[in-house]
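K.L.:
Here is the input, now give the coordinates:
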Amino acid sequence: MRAIQATEYGGPEVLRLVETDAPEPGPGEVAIDVAYAGVNFAEIKARRSGYRASSLPLRPGLEVAGRVRALGAGVTEPAIGQEVAAFTTQGGYAEVALAPAATVFPIPAGLALRTAATLPTVLPTAHALVHEMGRLRAGESVLVRGAAGGVGTVVGQLAKRVGKGAVYGVLSSAAKADFALEHGYDQVFVGDDWARQLADVTGRRGVDLLLDPIGGEQLRRSLDSLAPFGRAVSFGNSSDEAPWQFGAAELGPGARSVAFFSILTLAETAPDALRALSERAFRLVADGEVELPVTAELPLAEAAEAHRLIESRTTTGKLLLRVQG
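P.N.:
Model (predicted):
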């Protein structure tokens, strides 16, 4: 089979297309003939520095959509040949991928494989940020950094569904503004002085919920944009700074709180909770309540270019690799 792998960490050029044996599912696993694979920032971090990678060669890929090829010992469903979406944890950039049976989901009726490939990481993450972790209530305001990315695109729609509160976004460029405004955001701020812009709009009150994928010192400074009793949820560390730490000095003013969400950690520690979360999130797409537009699609052999596009910070929505027809 064809697969993407890296034998060293580094820039996009370390990703190479190789021919290798198709993997066989072990106990509790499902093998999937992959039609599409999603591209995520966590895979870029893995390629750069070995983030969550146990060893080389690295086989990136956290989510796929395709058809069930084989079942491992102890697995009775889904059926061979059934169309599924799956959270794979690794190895998704390949013609055949393995996934734990607990994170393989039958594709809801009416959804194409291409659409289903956008679901396994972004939808559950966005749902958790707004509901399970953020606990956003009607009338509350929310600020999302990276508003035009995959997670941000869905969060804007979910937050708007909660109702009545303002939904604000932070963007890296004005070129993404129209896209964000079409996906739930009431107002967006561009540039490093977004905190000042937000303060002007809210009369210096701030927001009730802050969602941040950047981490580090930028997350720490962002806490000053929280309203009294405001909540922040960190869901990434794209800054690659040291893990964040907070104490009374940061959280005491305004009685603020901070939480952290990682779908990778949830998959490792509580797969049943991830499954329940994913099923709730997938229903929203099946019912037409939210959408995650695919804004770029490249063939598997161009995985390195897909990484370059995301690192350029010019992309919006979701980017996919087309693996098989």
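
K.L.:
tally of neighbours for the closest residue to Glu95 other than its chain neighbours?
P.N.:
Once flanking residues are discounted, Glu95 sits nearest to Met1: 4.0 Å by CB to CB, 6 or more residues apart in numbering. Glycine gets a C-beta too; all of them are placed from N, C-alpha and C. Neighbours of Met1 under the rule other CB atoms under 10 Å: 16.

K.L.:
Met1 contacts Gly91, correct?
P.N.:
No. Counting by CB atoms under 8 Å, Met1 does not reach Gly91; the two are 10.9 Å apart.

K.L.:
And the contacts of the lowest-mean-pLDDT helix or strand in the chain?
P.N.:
Least confident helix or strand, the chain: helix 248-251 with a mean of 78, by mean pLDDT, DSSP states H and E. Contacting residues not belonging to helix 248-251 are listed as Arg220, Leu223, Arg256, Ser257, Val258 [CB atoms under 8 Å, 6 or more residues apart in numbering].

K.L.:
what touches both of Met1 and Gly91?
P.N.:
Between them, Met1 and Gly91 share no contacting residue under CB under 8 Å, 6+ apart.

K.L.:
backbone phi and psi for the closest residue to His131 other than its chain neighbours, please?
P.N.:
Among residues not flanking His131 along the chain, Leu158 sits closest, at 7.4 Å (CB to CB, 6+ apart). For Leu158, the backbone dihedrals are phi -70, psi -40 (criterion: degrees, to the nearest 10).

K.L.:
And the strands in the stretch 51-200 of the chain?
P.N.:
Secondary structure of the stretch 51-200 of the chain, counting by DSSP state E, counting those that start in this stretch: strands at 63-71, 83-87, 96-100, 104-106, 142-145, 167-171, 187-190.

K.L.:
Tell me which of the ones you listed lies nearest to Gly252.
P.N.:
Closest approach to Gly252 among those (CB to CB): strand 142-145, 20.8 Å.

K.L.:
list the helices and strands that closest one packs on?
P.N.:
helix 150-162, strand 167-171, strand 207-212 (3 or more CB pairs under 8 Å, 6 or more residues apart in numbering; DSSP states H and E).

K.L.:
Just the helices from this structure, written as ranges.
P.N.:
41-49, 113-116, 122-127, 150-162, 177-181, 194-202, 216-222, 248-251, 263-269, 271-286, 303-311 (DSSP state H).
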